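Engineer: Structure for this input, please:
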Amino acid sequence: MTVVNNLKNIFEELPEGVKLIAISKTNTPDQIMQVYNAGHLVFGESKAQELIPKYEALPKDIRWHMVGHLQSNKVKYIAPFIELIHSIDSQKLLKVVNKEAGKNARTIQCLLQIDIAEEESKYGLKFEEACEMLESESFRSMENVEICGLMGMATFTENTDQVKSEFRQLRQYFDTIREKYFAGKPSFKEISMGMSGDYGLAVEEGSTMVRIGSAIFGERDN
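Structural biologist: Take a look at the predicted model:
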């Protein structure tokens, strides 16, 4: 019952209105079902090739989120069912999502991943690149994607001041983009930031979605 207890403890900590995405990567369908049977339906995966067999094997009312770097050639496999893509990190990728969503007669909700960390390994758009994309004719012609907010990952460091500063920066970017490009559009409302090690700091800085894996399922082997 450890997984269920972990889930319960996290829900007790999270303020009302903050959504929990249970990150199930590397966990088995049986482990995922423990969380599902406890009443939680929203799960996140970081690789399409791991997500697809889980989607096929598990209950169809699970709401799947893609949280990791998404290759354009994998979009077609998840487009029929994905609820939210957190990791739109290029205009090219968004174009492909729009195209594949159209083929499936769907509108796919997306977050723009913004690079806020001081690490080379992190993906994401620079703030200026995100603005340039939102101002483009190409973006305005996309009818099968809906931008619902921003996602970001803080630097992996024990310096909590730095982490909070990076989360605060993402919140400022969100406020600016919402005012400039999404005024009067209530669907632009999500700030996906915070993982198992830093979600408390993220919530303090305005996160509306936290992506938590190991704090629910236990430490992963890799």
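Engineer: shouldn't Arg168 be in contact with Ala202?
Structural biologist: No - with contact defined as CB atoms under 8 Å, Arg168 does not reach Ala202; the gap is 10.1 Å. For glycine as for every other residue, the C-beta is placed from the backbone atoms N, C-alpha and C.
Engineer: and these two? which has more neighbours close in?
Structural biologist: Neighbour totals were compared for Arg168 and Ala202, and Ala202 leads with 27 against 15 (other CB atoms under 10 Å).
Engineer: any idea how far that one lies from Gly17?
Structural biologist: Taking CB to CB, to the nearest Å as the measure, Ala202 and Gly17 are separated by 14 Å.
Engineer: Could you do Ala101 as well?
Structural biologist: 27 Å.
Engineer: Compare these two and say which is more crowded by neighbours.
Structural biologist: Ranked by neighbour count (other CB under 10 Å), Ala101 and Gly17 place Ala101 first, with 24 against 6.
Engineer: What is the neighbour count of the closest residue to the more buried one other than its chain neighbours?
Structural biologist: Of all residues not flanking Ala101 in the chain, Asn144 sits nearest, at 3.7 Å (CB to CB, 6 or more residues apart in numbering). As a burial measure, Asn144 scores 17 neighbours (other CB under 10 Å).
Engineer: Does Asn144 touch Gln109 like I think?
Structural biologist: No - using CB under 8 Å as the test, Asn144 is too far from Gln109 to be in contact (10.7 Å).
Engineer: Spell out, range by range, the helices that occur in the protein.
Structural biologist: Ranges of helices in the chain, per DSSP state H, are 2-13, 29-37, 48-57, 75-78, 91-103, 127-134, 137-140, 160-181, 199-204, 214-217.
Engineer: how much space is there between the closest residue to Pro80 other than its chain neighbours and Phe81?
Structural biologist: Ranked by CB to CB, 6+ apart and with sequence neighbours excluded, the top spatial neighbour of Pro80 is Asn104, at 5.0 Å. According to CB to CB, Asn104 stands 9 Å off from Phe81.
Engineer: Between these two, tell me which one has more neighbours.
Structural biologist: Neighbours were counted for Asn104 and for Phe81 using other CB under 10 Å; Phe81 has more, 17 against 14.
Engineer: related to what we said a few turns ago, any chance of the backbone angles for the residue nearest to Ala101?
Structural biologist: Per-residue torsions, Asn144: phi -120, psi 20 (degrees, to the nearest 10).
Engineer: In contact with it, which residues?
Structural biologist: Val97, Asn98, Lys99, Ala101, Gly102, Arg106, Thr107, Ile108 (CB atoms under 8 Å, 6 or more residues apart in numbering).
Engineer: Can you lay out those as JSON lines showing pLDDT and distance to Tyr173?
Structural biologist: Output for these, formatted as JSON lines (pLDDT from 0 to 100; distance: CB to CB, whole Å):
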{"residue": "Val97", "pLDDT": "98", "distance to Tyr173": "21"}
{"residue": "Asn98", "pLDDT": "98", "distance to Tyr173": "22"}
{"residue": "Lys99", "pLDDT": "98", "distance to Tyr173": "27"}
{"residue": "Ala101", "pLDDT": "98", "distance to Tyr173": "25"}
{"residue": "Gly102", "pLDDT": "98", "distance to Tyr173": "28"}
{"residue": "Arg106", "pLDDT": "98", "distance to Tyr173": "27"}
{"residue": "Thr107", "pLDDT": "98", "distance to Tyr173": "24"}
{"residue": "Ile108", "pLDDT": "98", "distance to Tyr173": "22"}
